[in-house]
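Enquirer: coordinates only, sequence not included:
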């Protein structure tokens with residue numbers, strides 16, 4: 001099957017009364033799986049939220065805008081965090097990447113069971129004094145339905161969100177992607193009813209992806225009769241902006257006494273990035289240099 005890489009499509013339909021986003025994200029979800037060594041159900045949960053984050057991030061305007069999605073539930077996965085930029089870059093992690101639970105009643109990976117009951121928080125940092133934050137109680141834990149509910153309640157934007165991750169037998173990612181369809185204020189009842197009828201025909205995002213459809217074709221399947229207009233395409237990728245310099249700042253922030261304790265142990269300090277698993281090691285003499293910098297800055 002041809003792999004066109006990961007990308008997001010932005011589109012409008014019905015004379016701009018509908019706006020739409022669709023994404024193929026197999027490569028970036030597989031990258032996340034490898035970096036975090038996630039179990040199949042953790043891969044599915046993280047992959048769905050990464051896909052949503054990539055699309056929601058692409059809705060932002062500023063180069064430095066950051067979107068954070070945080071799912072905190074009482075299920076065995078413990079929690080999921082995803083952050084996304086406006087350029088299609090996305091990263092994320094789960095608290096318990098090795099979680100294993102039985103399939104659900106439909107024989108599918110039980111994402112809802114792994115997540116449990118809890119909250120979904122959406123934070124948009126667009127350079128204002130305070131980031132915008134909205135939170136809802138999870139309605140299903142399947143994540144697509146929860147985001148649909150979030151848009152309706154927190155942003156008053158009638159939306160339909162579809163997300164999916166399909167695994168191969170050897171537990172690598174076979175397909176991943178999703179869509180977000182939103183109705184603008186000008187949409188009338190007739191358009192809403194017609195769109196709902198079209199959406200009810202879509203059974204599974206991963207089924208469409210597995211039939212070889214890309215984001216354009218998926219939107220065509222849903223909005224083909226509504227005068228679909230593709231506006232642009234944006235590459236999507238798993239990318240973390242961690243660096244040795246940022247880890248140094250984090251170590252300095254723990255304070256002088258904590259750094260001195262590390263030095264007394266006489267062993268290198270090992271620090272791993274939560275989001276990407278990148279590993280940073282600081283030798284004793286490097287920790288001593290950080291203490292000197294702290295004392296100079298006093």
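Expert: Yep, that arrived. For clarity, every value in this text was computed on a predicted model and none was experimentally measured.
Enquirer: quick one: the strands in the stretch 101-250 of the chain?
Expert: 118-125, 132-137, 159-167, 173-183, 229-235, 237-238 (DSSP state E, counting those that start in this stretch).
Enquirer: Walk me through which strands the third one pairs with, and which way each runs.
Expert: Sheet pairing for strand 159-167, assigned by DSSP bridges, gives strand 173-183 (antiparallel).
Enquirer: picking that back up, okay if I get the strands of the stretch 101-250 of the chain as a markdown table plus distance to residue 109?
Expert: C-beta: built from backbone N, CA, C; applies to glycine. Below are the strands of the stretch 101-250 of the chain laid out as a markdown table (distance: least, CB to CB, whole Å):
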| stretch | distance to residue 109 |
| --- | --- |
| strand 118-125 | 18 |
| strand 132-137 | 23 |
| strand 159-167 | 7 |
| strand 173-183 | 12 |
| strand 229-235 | 27 |
| strand 237-238 | 20 |
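Enquirer: Which one, of those strands, ends up nearest to residue 36?
Expert: strand 237-238 (10.4 Å; CB to CB).
Enquirer: got the contact list for residue 241?
Expert: With contact taken as CB atoms under 8 Å, 6 or more residues apart in numbering, residue 241 is in contact with 89, 91.
Enquirer: 10 Å - rerun?
Expert: 66, 83, 85, 89, 91, 273, 275-276 (CB atoms under 10 Å, 6 or more residues apart in numbering).
Enquirer: Residue 123 versus the residue nearest to residue 96 when sequence neighbours are not counted, what's the distance?
Expert: Residue nearest to residue 96 in three dimensions, not counting chain neighbours: residue 78, with 4.5 Å by CB to CB, 6 or more residues apart in numbering. Look at residue 78 and residue 123: by CB to CB, to the nearest Å, they are 19 Å apart.
Enquirer: which of those two has more neighbours?
Expert: residue 78 (19 against 15; other CB atoms under 10 Å).
Enquirer: Give me the phi and psi for the more buried one.
Expert: Main-chain dihedrals, residue 78, degrees, to the nearest 10: phi 80, psi -30.
Enquirer: does it really touch residue 72, like I thought?
Expert: Yes. Using CB atoms under 10 Å, residue 78 is in contact with residue 72, at 8.3 Å.
Enquirer: Tell me how many other residues surround the closest residue to residue 24 other than its chain neighbours.
Expert: Spatial nearest neighbour of residue 24, chain neighbours left out: residue 177 (4.5 Å); criterion: CB to CB, 6+ apart. By other CB under 10 Å, 32 other residues sit near residue 177.
Enquirer: show me what contacts the residue nearest to residue 96?
Expert: Residues near residue 78 by CB under 10 Å, 6+ apart: 42, 71-72, 94-97, 99, 114-116, 118.
Enquirer: Report the separation between it and residue 45.
Expert: Distance of residue 78 to residue 45, given as CB to CB: 11 Å.
Enquirer: joint contacts of these two?
Expert: What both residue 78 and residue 45 touch, as defined by CB under 10 Å, 6+ apart, is the set 71, 94, 97, 99, 114-115.
Enquirer: I'd like the distance between the closest residue to residue 114 other than its chain neighbours and residue 116.
Expert: Nearest residue to residue 114, sequence neighbours excluded (CB to CB, 6+ apart): residue 77, at 4.2 Å. Residue 77 sits 8 Å away from residue 116, going by CB to CB.
Enquirer: distance of residue 217 from residue 165?
Expert: The value you get for residue 217 to residue 165, if CB to CB is used, is 19 Å.
Enquirer: Tell me which of these two has more neighbours.
Expert: residue 165 (30 against 16).
Enquirer: Correct me if wrong: the more buried one contacts residue 24.
Expert: No. Between residue 165 and residue 24 there is no contact under CB under 10 Å: 11.6 Å.
Enquirer: related to what we said a few turns ago, more crowded one of residue 77 and residue 116?
Expert: Taking neighbours as other CB under 10 Å, residue 77 and residue 116 compare with residue 77 leading, 27 against 17.
Enquirer: Please report how far the more buried one lies from residue 94.
Expert: 6 Å.
Enquirer: Then residue 73?
Expert: In terms of CB to CB, residue 73 sits 11 Å off from residue 94.
Enquirer: who has more neighbours, these two?
Expert: residue 94 (27 against 22).
Enquirer: Now that we have the contacts of residue 78, which of them are buried?
Expert: Buried members of the contacts of residue 78, counted by 16 or more other CB atoms under 10 Å: 42, 71-72, 94-97, 99, 114-116, 118.
Enquirer: Fine by me, thanks again.
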